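Visitor: After the sequence you'll find the predicted model.
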Amino acid sequence: MLEVKDIHKNFGRKKVLKGVSFTADKGDITCLIGINGVGKTTILNSIMDLTPIKKGEILIDGQSHSPEMYNKIAFIPDAAIMLPGMTIQEGIDFMKDYYSVWNDKRAKDLIRFFRLKMTDKIQDLSKGNVAKVNLLMGLSLDVDYILMDEPFSGIDIFTREQIADVFSSRLIEDRGVLITTHEISDIEHLIDKVVLLDEGVIVKEFYAEEMREKEGMSVVDVMREAFNA
Ligand SMILES: Nc1ncnc2c1ncn2[C@@H]1O[C@H](COP(=O)(O)OP(=O)(O)OP(=O)(O)O)[C@@H](O)[C@H]1O
């Protein structure tokens with residue numbers, strides 16, 4: 001389980017996270033939702049230890065940050081992660097050398113699934129293809145948890161559908177996925193758990209299916225109610 005416990009984060013005098021707590025389970029797709037600038041990326045960066053937190057604790061299967069953690073968790077950001085001059089093949093070769101948890105069979109499945117051309121340079125890729133390469137690099141790591149920051153941002157509907165298909169496919173397997181997205185309707189039917197962030201704290205944490213069955217409310221209905229939209 002991924003446990004975020006009472007984390008606080010300031011940028012200068014601005015208090016962005018004011019005691020954020022939630023959990024994301026292995027086997028679940030958990031979606032972190034909130035308006036622009038509320039602190040979603042900051043939470044993912046904090047989980048990956050890419051930014052220091054002022055207070056609080058982050059546990060991955062009960063353990064706090066350590067170098068071994070990077071064999072358990074992968075981060076798929078919303079910008080290109082490979083050097084611009086590299087080809088996709090060179091990027092894959094780098095990942096293979098760097099990570100002992102690289103799964104070459106899954107990488108090959110993803111290359112076929114996304115129809116990527118290995119000789120293409122990262123700097124020449126469209127935004128959608130950059131997103132696909134990022135997914136390829138993150139999902140090909142045999143880790144238990146995957147964080148994804150806005151995998152649908154600025155991407156056309158067909159590519160969004162293709163990316164959404166990844167969520168329902170065996171490429172995710174029984175791993176824990178924590179995703180931020182504004183394109184909730186694309187994956188509403190695939191999400192297990194929803195965590196709503198507003199004004200520096202978690203205002204609601206619920207299972208989408210339970211909410212549909214017990215309250216007759218969709219994720220978007222709950223969002224509208226929580227954010228008074
Ligand atoms: N390095 C930084 N220095 C100063 N302020 C920052 C920094 N990174 C983020 N912030 C501020 O922290 C707040 C939260 O930013 P963050 O990127 O986490 O939000 P977000 O919820 O991911 O936004 P979006 O939905 O637009 O991607 C914003 O007000 C942002 O301007």
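Guide: Perfect, I can see it now.

Visitor: From now on I want contacts and neighbour counts done on CA atoms only, so please keep to that.
Guide: OK.

Visitor: Report whether stretch 36-52 contacts the ligand.
Guide: Yes. Contact of stretch 36-52 with the ligand (C-alpha under 6 Å from any ligand atom) involves Asn36, Gly37, Val38, Gly39, Lys40, Thr41, Thr42.

Visitor: Adding neighbour count, secondary structure and pLDDT, write the residues you listed out as a markdown table.
Guide: Output for the residues of stretch 36-52 next to the ligand, formatted as a markdown table (neighbours: other C-alpha atoms under 10 Å; DSSP: H, G, I helix; E, B strand; the rest coil; pLDDT from 0 to 100):
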| residue | neighbour count | secondary structure | pLDDT |
| --- | --- | --- | --- |
| Asn36 | 8 | coil | 87 |
| Gly37 | 11 | coil | 90 |
| Val38 | 17 | coil | 91 |
| Gly39 | 21 | coil | 95 |
| Lys40 | 25 | helix | 95 |
| Thr41 | 18 | helix | 95 |
| Thr42 | 18 | helix | 96 |
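
Visitor: Widest-spaced pair of the residues you listed?
Guide: Greatest spatial distance among these (C-alpha to C-alpha): Asn36 and Thr42, at 11.8 Å.

Visitor: Around the ligand, pick out the residues from the chain.
Guide: Counting by C-alpha under 6 Å from any ligand atom, the chain comes close to the ligand at Phe11, Val16, Ile35, Asn36, Gly37, Val38, Gly39, Lys40, Thr41, Thr42.

Visitor: hmm, 8 Å instead?
Guide: Contact residues (C-alpha under 8 Å from any ligand atom) of the chain with the ligand: 10-12, 14, 16, 34-43, 149-150, 180-182.

Visitor: Identify the residues contacting the nearest residue to Val219 once chain neighbours are set aside.
Guide: The shortest distance from Val219 to any non-neighbouring residue, by C-alpha to C-alpha, 6 or more residues apart in numbering, is to Ala208 (6.4 Å). Neighbour list for Ala208: Ile191, Asp192, Lys193, Val194, Ser218, Val219 [criterion: C-alpha atoms under 8 Å, 6 or more residues apart in numbering].

Visitor: Quick check: Ile53 touching Asp6?
Guide: No. In this structure, Ile53 is not within contact of Asp6 by C-alpha atoms under 8 Å, at 10.4 Å.

Visitor: what's the average pLDDT for the helix ranked longest in the chain?
Guide: If you go by DSSP state H, the chain has its longest helix at helix 127-139. In this model, helix 127-139 has a mean pLDDT of 88.

Visitor: Okay, buried residues for it please.
Guide: Buried residues in helix 127-139, counting neighbours by 16 or more other C-alpha atoms under 10 Å, are found at 127-139.

Visitor: Also stretch 58-67?
Guide: So for stretch 58-67, counting by 16+ other C-alpha under 10 Å, buried means Ile58, Ile60.

Visitor: contacting residues around Leu17?
Guide: Ile7, His8, Lys9, Asn10, Gly39, Glu199, Gly200, Val201.

Visitor: For the last one, grab the count of nearby residues.
Guide: Okay, so that is Val201. The burial count assigned to Val201 is 20, neighbours taken as other C-alpha atoms under 10 Å.

Visitor: Leaving out sequence neighbours, find the closest residue to it.
Guide: Nearest residue to Val201, sequence neighbours excluded (C-alpha to C-alpha, 6+ apart): Val20, at 5.0 Å.

Visitor: Great, nothing more from me.
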